[in-house]
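# compute the structure for the input listed below.
(chains A and B)
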Protein chains: 2
Amino acid sequence: MTLSAAEIVTQLSSLVGANAVIGEPSRMTTYLSEPRKRFTTGAAAIVTPGSVAEVQAVLRWANTNDVGIIPQGGNTGLVGGQVPRRGDEVILSLARLDKIRGIDTASGTMTVESGVILSKAHDAAEAEGVILPLWLASQGSARIGGVLSTNAGGVNVLAYGNARDLTMGIEAVLADGRLYQGLNSLKKDNTGYDLKNLLVGAEGTLGIITAATLKVFPKPEDYETAIVSLRDLDCALAFFDLLRSRARRRLSAYEIVPQLGLDLQLKHGMLDRDPTPGPSPWYALVEVSRLSKGASDTLIRAVEAAFGEGLLDNAVFAESLADRTRMWAFREQMSEVQSREGASIKHDVSVPIHAVPQLITEGIAAAERVAPGIRAVPFGHLGDGNIHFNFSQPVGADPKSFMADYEDKVHEAIYEVVLRLGGSVSAEHGIGQLKVDLLRQVKDPIALEMMRAIKTALDPKGILNPGKMLG
Amino acid sequence: MTLSAAEIVTQLSSLVGANAVIGEPSRMTTYLSEPRKRFTTGAAAIVTPGSVAEVQAVLRWANTNDVGIIPQGGNTGLVGGQVPRRGDEVILSLARLDKIRGIDTASGTMTVESGVILSKAHDAAEAEGVILPLWLASQGSARIGGVLSTNAGGVNVLAYGNARDLTMGIEAVLADGRLYQGLNSLKKDNTGYDLKNLLVGAEGTLGIITAATLKVFPKPEDYETAIVSLRDLDCALAFFDLLRSRARRRLSAYEIVPQLGLDLQLKHGMLDRDPTPGPSPWYALVEVSRLSKGASDTLIRAVEAAFGEGLLDNAVFAESLADRTRMWAFREQMSEVQSREGASIKHDVSVPIHAVPQLITEGIAAAERVAPGIRAVPFGHLGDGNIHFNFSQPVGADPKSFMADYEDKVHEAIYEVVLRLGGSVSAEHGIGQLKVDLLRQVKDPIALEMMRAIKTALDPKGILNPGKMLG
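Numbers count the residues shown, from 1 in each chain, chains lettered A, B, ... in the order given. I've put the predicted structure just below:
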């Protein structure tokens, strides 16, 4: 027997108090409106439990009553994983589970609840002299639970790994309300299956993460930051190899941006001045950590060596914090500037690192064949083989008809190249609801069967984030 | 209907050829005799498939006929995971799947089949100018499939991580013969559940790994190696912190050994000369990688600073390859020397790093309370919080009656301390059959329920490594 929305609100209120339940659609906007405005389905209710025990109570109730539960953190996901698919689900916001349970600098860990906003976790770590090196454009609103459930990446994966790599242990509520207590600070623990990594990146379909123990690191003393000009992507790759072989894991960022990215930001007045060395087909924003006091010239020397080898055309170094901030803004504003240029067709893809030049060259050619006049703006994490392979509409085209006519064709063209090169159709953002059909088409069918078997084993009634990832 | 051993041999022979099947117990010794001689159950047959397709055929047949299959690599495991528990199982040796499928130094990966011996994988990597940084005492016989299935660690986890961290993708045959094709060279891939990490460390209970793509790294130019003398474990921890803050991830080993470890090796003539700076309660073998040509003095300077702070009593540096080899032999011979001193009670445990001194102090006191005269020989990976917390029998005691009288009591005493400190009862070696009962006692019961649900989902008939890990 299916509960009505009114019954759901009443019953949830009796579990967690009326103040923690929203039933009126007009008050749901914050929870329903997601960054890309692609998913607009309503929800039966929003519930905001104030403790792990309340999360357990809600899930016990939901499992008994076959109510779909959508875990939500900061609502910053880009594939619709955090918003409803059907409309009869309850959004369970973790926002009130926002305690920092502890920071242990001796063991290099911090334990935080899943509702903690990522930037607040950064601040808490830095107040103890350490860093939580997980930096995303959305860190001012993204919450730890969502960051872990989507295995977020960001700009420092090169040096420190992605969310999964930074997670030592987690605590999670299962579909029927049982509590998995897997918090720990152990570097080595071979006592059974790796449940931590199964729950991280599961997009809330196997359990709801309520807390995590994360790795923190000594704060670098300083950074060497530069933007270099590159005539092509082979040079970008060769300079990456050169820099990596010298700086090793102190190389914390290697981000590429095409000339059009700069042109558009200047056109839209998003930069107070040009942070690059001047016009060039490609730029790379590169950063090397200085671990101890005193000048280190690793980056300058690598740039000199690259000039000697003819890999670089020009370079400009950050000489102040303001310079560094401007360089990073240039990189971080890439998504925003595209939204100002009308409609965009986006792909978050990865390939083996050495295949990035081929990916971009062949991908642009394939997209231009199916969508004449389309403007390629591929940018991102070359050092991880992860490119945000985005395209802006032709100048003057109608955004809606452009998307209707070309989105599917351009996706098909890009994914063909990605898969041929052994790549992934979702490097960072996950599957959510946006890529459910795509996943079915491209994933190893046995892997999909294994995933479905695991989903059924841990959530037999399918109440956790229904319809996401596996459809 | 249960097949007889003779029927099993006949049917397996028809699948993979009679040469790939052993039915006579007298020819099974290599496969049945395991390093600790604790598990002596026979097997119905040994099968040695020569291809992935043959592994699939054997599993399809086994699943249909309810025959238990025990995957086996180099038969070096220390907890009995690779040998039978009941006696009616078939051991499936991966030894013939021994191809190195490829090495891609540009992407920093190598793809190897699971029967490749670890030291041969080392050699193949080094022939291409890179290293596979997974070094174990058993590397001359351990095979990749077993190394991954047990998530092996070893002496370089500090710098490079354990087997799981070094694995990018795997290929595995499931219980019913389906082939999971998860090989890839991607740094980022968020398309579904983390099946790789689920299969790595599953001890062959969820699938049989047939190949893996592993990370390789640039070969260090050289190493700085030393043995330092430490008056106590607080000094050992303080020197670790000091060294780590200076060498960061170039610190590739920090191994502690107590004075008794040296005394016993000298007594048994296992060292041509003393590699230490002289008598001391504790020694640490420390190693820092030199990444580029030219002398680096990170270790010497750190030792000088530690003298300044009064942390170290003495130090000796390796001045030749022979010195370095002797220092490492001193560390690697710790297990062997104990076997020459009679019976040992062993624990492979981990705690948060800063809790290691407390673990060892309280653990020794607790063991001596229950077993007077027992000789503590804790050694190993202080930098990972992972101690091989071993005890030798009192001098002159009868080995058998010592074990009968004290093994359970000492285990209980040590595990009480480990669990109280938030530690793990199996840091590296896994569960196998040795620790099945222990796991049931100490593991989060919800985690056990999740593990059983996953096991049932992926191997509903329970034919894969029956009775291991989950019992």
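
# so what sits opposite the residue in the stretch 201-350 of chain A that chain B sits nearest to in the bridge?
Nearest residue of the stretch 201-350 of chain A to chain B (Cβ to the nearest Cβ) works out as residue A:350 at 4.7 Å. Just so you know, the C-beta spots here come from the backbone N, C-alpha and C atoms, and that holds for glycine as well. Assessed by DSSP bridges, residue A:350 has beta-bridge partners residue A:386, residue A:424.

# okay, how far is it across stretch A:66-82, tip to tip?
19 Å (Cα to Cα, to the nearest Å).

# does that stretch reach chain B?
No. Stretch A:66-82 lies out of reach of chain B by Cβ under 8 Å from any Cβ of the partner chain, never closer than 9.3 Å.

# now swap in stretch A:38-57 and tell me
No. Judged by Cβ under 8 Å from any Cβ, stretch A:38-57 makes no contact with chain B; its nearest approach is 11.2 Å.

# quick one: contacts for the residue nearest in space to the middle of chain A?
Central residue of chain A (Cα atoms, centre = their mean): residue A:152, 3.8 Å from the mean position. Residues counted as contacts of residue A:152 (Cβ atoms under 8 Å, 6 or more residues apart in numbering or on different chains) are A:134, A:136, A:142, A:146, A:162, A:163, A:428.

# hang on, residue A:285 is in a helix, isn't it?
No. Using DSSP: H, G, I helix; E, B strand; the rest coil, the secondary structure at residue A:285 is strand, not a helix.

# which strand residues bridge it?
Beta-bridge partners, per DSSP bridges, of residue A:285: residue A:227, residue A:255.

# now the element after the stretch of helix or strand residue A:213 belongs to, going C-ward?
Under the criterion of DSSP states H and E, residue A:213 resides in strand A:208-215. With elements assigned by DSSP H and E, the helix or strand that comes after strand A:208-215 is strand A:217-218.

# ranges for the strands of the stretch 101-250 of chain A?
A:109-113, A:130-131, A:167-173, A:179-182, A:208-215, A:217-218, A:222-230 (DSSP state E, counting those that start in this stretch).

# so what are the domain limits for chain A?
According to automatic domain parsing, chain A comprises the domains A:5-93, A:100-218, A:222-335, A:341-420, A:429-459.

# got the buried residues for the longest helix along chain A?
Counting residues, the longest helix in chain A under DSSP state H turns out to be helix A:399-420. Applying a neighbour-count criterion of 16 or more other Cβ atoms under 10 Å in any protein chain shown, one finds A:402, A:403, A:406, A:407, A:409, A:410, A:411, A:413, A:414, A:415, A:417, A:418 buried in helix A:399-420.

# any chance you could list what contacts it?
With Cβ under 8 Å, 6+ apart as the criterion, helix A:399-420 contacts A:342-343, A:345, A:347, A:349, A:351, A:359, A:362-363, A:366-367, A:369-371, A:374, A:389, A:391, A:393-394, A:424-425, A:438, A:442.

# can you say which of these are buried?
For the contacts of helix A:399-420, buried by 16+ other Cβ under 10 Å: A:342-343, A:345, A:347, A:349, A:351, A:359, A:362-363, A:366-367, A:370-371, A:374, A:389, A:391, A:393, A:424-425, A:438, A:442.

# next step: those restricted to strands.
A:345, A:349, A:389, A:391 (DSSP state E).

# mind putting those residues into JSON lines with pLDDT?
What follows is these, written out as JSON lines (pLDDT from 0 to 100):
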{"residue": "A:345", "pLDDT": "97"}
{"residue": "A:349", "pLDDT": "97"}
{"residue": "A:389", "pLDDT": "98"}
{"residue": "A:391", "pLDDT": "98"}
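
# what is the nearest of those residues to residue A:22?
residue A:345 (34.5 Å; Cβ to Cβ).

# and the closest one, what are its bridge partners?
Residue A:345 has these beta-bridge partners by DSSP bridges: residue A:391.

# looks like it contacts residue A:391 (just checking).
Yes. Counting by Cβ atoms under 8 Å, residue A:391 is a contact partner of residue A:345 at 4.7 Å.

# now do the shared contacts for the two.
Taking Cβ under 8 Å, 6+ apart as the contact rule, residue A:345 and residue A:391 both touch A:367, A:371, A:374, A:410.

# just these now: which is nearest chain B?
When the shared contacts of residue A:345 and residue A:391 are compared against chain B (criterion: Cβ to the nearest Cβ), the nearest one is residue A:410, at 19.4 Å.
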